[in-house]
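Engineer: just coords:
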């Protein structure tokens with residue numbers, strides 16, 4: 001098995017053990033939603049030398065960890081597992097998903113910061129019905145799945161689309177395709 005080139009950041013030991021079962025890679029755990037200064041500093045240092053991917057659970061604590069790390073460490077990439085594909089025994093998380101779900105998430109990374117200029121605006125999202133309408137969250141969900149963005153609110157959706165350098169035309173094509 002070839003070694004995966006990036007450092008993967010997960011929440012806990014269960015996630016680490018699950019990924020270790022099918023992927024030869026370096027993994028660091030945050031040990032829950034209280035990410036220590038030491039962990040942040042280690043990730044910061046690692047990010048200067050190699051790619052670092054954040055793969056947290058699709059729940060509030062996972063979102064909080066992702067946000068802390070992306071705000072603290074420039075250059076991170078994000079992998080998102082869809083919530084509906086990682087539920088087992090009333091638990092939601094990376095360890096409750098499957099090998100294929102994790103590998104798909106790792107092959108559809110979203111930068112923590114913009115990789116190129118995007119002219120996408122909040123007004124574009126309004127005009128496309130992605131925010132401010134009765135079915136906005138349903139429409140966003142379609143694009144979140146197609147674009148592997150993870151679950152978002154309107155503001156996060158805009159930020160992730162901008163991070164990918166997506167334009168209004170890209171979103172229109174994805175909605176109509």
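Structural biologist: In hand now; what should we look at? Only a predicted model underlies this, so the values are computations on that prediction, with no experimental measurement involved.
Engineer: drop to CA atoms for contacts and neighbour counts, all remaining ones
Structural biologist: Will do.
Engineer: pretty sure residue 4 sits in a helix.
Structural biologist: No - counting by DSSP: H, G, I helix; E, B strand; the rest coil, one finds residue 4 to be coil, located in no helix.
Engineer: look up the closest residue to it, ignoring the ones flanking it.
Structural biologist: Leaving aside its sequence neighbours, residue 4 sits nearest to residue 25 (Cα to Cα, 6 or more residues apart in numbering; 4.9 Å).
Engineer: do I have it right that the one you found meets residue 16?
Structural biologist: No - here residue 25 does not reach residue 16: they are 9.9 Å apart, not a contact under Cα atoms under 8 Å.
Engineer: neighbour count: these two, which is higher?
Structural biologist: residue 16 (20 against 15; other Cα atoms under 10 Å).
Engineer: where's that one, which helix or strand?
Structural biologist: Secondary structure from DSSP states H and E places residue 16 in helix 13-20.
Engineer: buried residues, stretch 146-153. List them.
Structural biologist: For stretch 146-153, a neighbour-count test (16 or more other Cα atoms under 10 Å) marks 147, 148, 149, 150, 151, 152 as buried.
Engineer: measure it end to end?
Structural biologist: The straight-line separation of the ends of stretch 146-153 (Cα to Cα, to the nearest Å) is 16 Å.
Engineer: how far does that stretch sit from its chain's centre?
Structural biologist: 8 Å (Cα atoms, centre = their mean, to the nearest Å).
Engineer: how is the protein partitioned into domains?
Structural biologist: 1-113, 114-177 (automatic domain parsing).
Engineer: pLDDT on the host helix or strand of residue 157, on average?
Structural biologist: Secondary structure from DSSP H and E places residue 157 in helix 154-163. In this model, helix 154-163 carries a mean pLDDT of 89.
Engineer: in it, what's buried?
Structural biologist: Buried, per 16+ other Cα under 10 Å, within helix 154-163: 154, 157, 158, 159, 160, 161, 162, 163.
Engineer: against residue 140, how distant is the second one?
Structural biologist: Spelled out, that is residue 157. 8 Å.
Engineer: need the overlap of contacts for those two.
Structural biologist: Overlap of the contact sets of residue 157 and residue 140 (by Cα atoms under 8 Å, 6 or more residues apart in numbering) is empty.
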